[in-house]
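In: A predicted structure for the sequence below; I have some questions about it.
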Amino acid sequence: MILRSIAPQFRGTGLSTGLNHRLRYVARLSTNDGGANGNSWVITRLPYLYYSPDTIGGMPALVILNGAGGARWEWVPGTGYVGLYGTRRHLLVDGMNLRMLNPDGGVMTFVGPDTASSRRGKLSGAVSPSDVVTVIAFDSNHNAISETRTDPVSGDQAMLLYTFAPSGVHLGRITRVEKRLVRSGVEHPIHRWLFTYHSGADSAGSLNDLKTAEEQVMEEASGSWASLGTRYFRYYKSNSGIGFTHGLRYVLEADGYARMKELGIDPENVSQTTDAVLAGYAAESYEYDSDRRHSKVVLRAGTETTTYVRLNSDGAVGRNWSRREIATRPDGSTLTTY
């Protein structure tokens, strides 16, 4: 289940179009521990391939593209990978890598299944229909440390540079992502994201749950970074009837964070700002069922509440469906989905 995303306010144009750091909180991962940007947070900036554990002739029987619109292929002996569900994308084996050919002429190269598990399936490079080349660089721990686009004509570049915590309790977590442009050989920092993580010492979150995400842009006139705002997150710290360890509980958007600061309230101080206080400013809050699906979503500082009730079919007469979901909206109306 995907609950919310972090997307940039400033998107860029030209060579840097779409070259931004993006995150998404996913509650129903196979494990909610771990993640370079915090527990249960998935970096959606780069697509990747999932290789099924089942193999045919030593090749994964099924390959799934996550991100970039998605696609699936199955391995057919003597033929190679064959697209499923009408995909127009082709997947080819290229030595230790797999290459995906897009209908528009673009090509993406992914690390193949016979490499270290921490790099397997990751995007290693791409060539766009206009021949812009993208290269992903990894460190010794197989973390992506940079993504660089190069214009084939001008040689100009746009890049994202990743900084990881080198030691301490947040070892390996992303602390900064910086976007830069290189024009005529001159490097220009233009945009960055700063991240902090919970230590687990208070009730707001467990160790390495994402705590804050601040977005900044470079002001050319002053040559300094200007903040576009800070988002703040709180979590459930244990399993209960409405939550689970690492489950996202409250989301405080940048405007709410700034408003609390102006009022002399520190959102990050759990002694001063209890959950009840934070709920009065939070843009979103969540409760979950035993399967980590949202059962209650509260928006706009508690003014809009939607509840969800789900039922799996028992196969009785008249129940020609496998699952039913009834959402009760803030105005009292219901939406039933089968």
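Out: Cool, got the structure. Numbers count the residues shown, from 1 in each chain.
In: from residue 256, how far out is the nearest residue in space to residue 119 that is not next to it in sequence?
Out: Leaving aside its sequence neighbours, residue 119 sits nearest to residue 142 (Cβ to Cβ, 6 or more residues apart in numbering; 4.3 Å). C-beta here means a position set from N, CA and C on the backbone, and glycine is covered the same way. According to Cβ to Cβ, to the nearest Å, residue 142 stands 37 Å off from residue 256.
In: and those two? which has more neighbours close in?
Out: With neighbours defined as other Cβ atoms under 10 Å, residue 142 and residue 256 compare such that residue 256 has more, 21 against 14.
In: the residue nearest to residue 119: which element?
Out: Counting by DSSP states H and E, no helix or strand carries residue 142.
In: before we move on, what about the one 5 residues further on?
Out: Element membership of residue 147 [criterion: DSSP H and E] is strand 144-150.
In: neighbouring contacts of the next helix or strand after that strand?
Out: Remark: after strand 144-150, the chain's next helix or strand is strand 157-164, criterion DSSP H and E. Applying Cβ atoms under 8 Å, 6 or more residues apart in numbering, the contact partners of strand 157-164 are 12, 14-16, 19-21, 36, 45, 139, 143-151, 172-182.
In: for strand 157-164, buried residues please.
Out: Of all the residues in strand 157-164, those buried under the rule 16 or more other Cβ atoms under 10 Å are 157, 158, 159, 160, 161, 162, 164.
In: test my guess that residue 200 contacts residue 235.
Out: No: the criterion here is Cβ atoms under 8 Å, and residue 200 misses it with residue 235 at 10.1 Å.
In: re the thing from before, any idea how far the residue nearest to residue 119 lies from residue 115?
Out: Distance of residue 142 to residue 115, given as Cβ to Cβ: 9 Å.
In: between residue 200 and residue 235, what contacts are shared?
Out: Each of 206, 209 lies in contact with both residue 200 and residue 235 under the rule Cβ under 8 Å, 6+ apart.
In: of those two, who's got more company?
Out: With other Cβ under 10 Å as the criterion, residue 200 and residue 235 differ in neighbour count, and residue 235 comes out ahead with 26 against 14.
In: and the pLDDT at the more buried one?
Out: What the model reports for residue 235 is a pLDDT of 98.
In: specify the beta-bridge partners of it.
Out: Judged by DSSP bridges, the bridge partners of residue 235 are residue 248.
In: so who does it touch?
Out: Listed by Cβ under 8 Å, 6+ apart, the contact set of residue 235 reads 198, 204, 205, 206, 209, 246, 247, 248, 249.
In: any idea which of the residues you listed is closest to residue 55?
Out: The closest of the contacts of residue 235 to residue 55 turns out to be residue 246 (Cβ to Cβ; 32.1 Å).
In: from residue 239, how far out is that closest one?
Out: For residue 246, the distance to residue 239 - Cβ to Cβ - is 10 Å.
In: who has more neighbours out of those two?
Out: Taking neighbours as other Cβ under 10 Å, residue 246 and residue 239 compare with residue 246 leading, 28 against 13.
In: so how far is residue 25 from the more buried one?
Out: Using Cβ to Cβ, we find residue 246 at a distance of 10 Å from residue 25.
In: list the residues that contact both of the two?
Out: Residues touching both residue 246 and residue 25 (Cβ under 8 Å, 6+ apart): residue 40.
In: quick one: the strands in the stretch 51-200 of the chain?
Out: 55-56, 59-60, 62-66, 71-76, 80-83, 90-94, 97-101, 107-111, 123-127, 133-138, 144-150, 157-164, 174-183, 186-197 (DSSP state E, counting those that start in this stretch).
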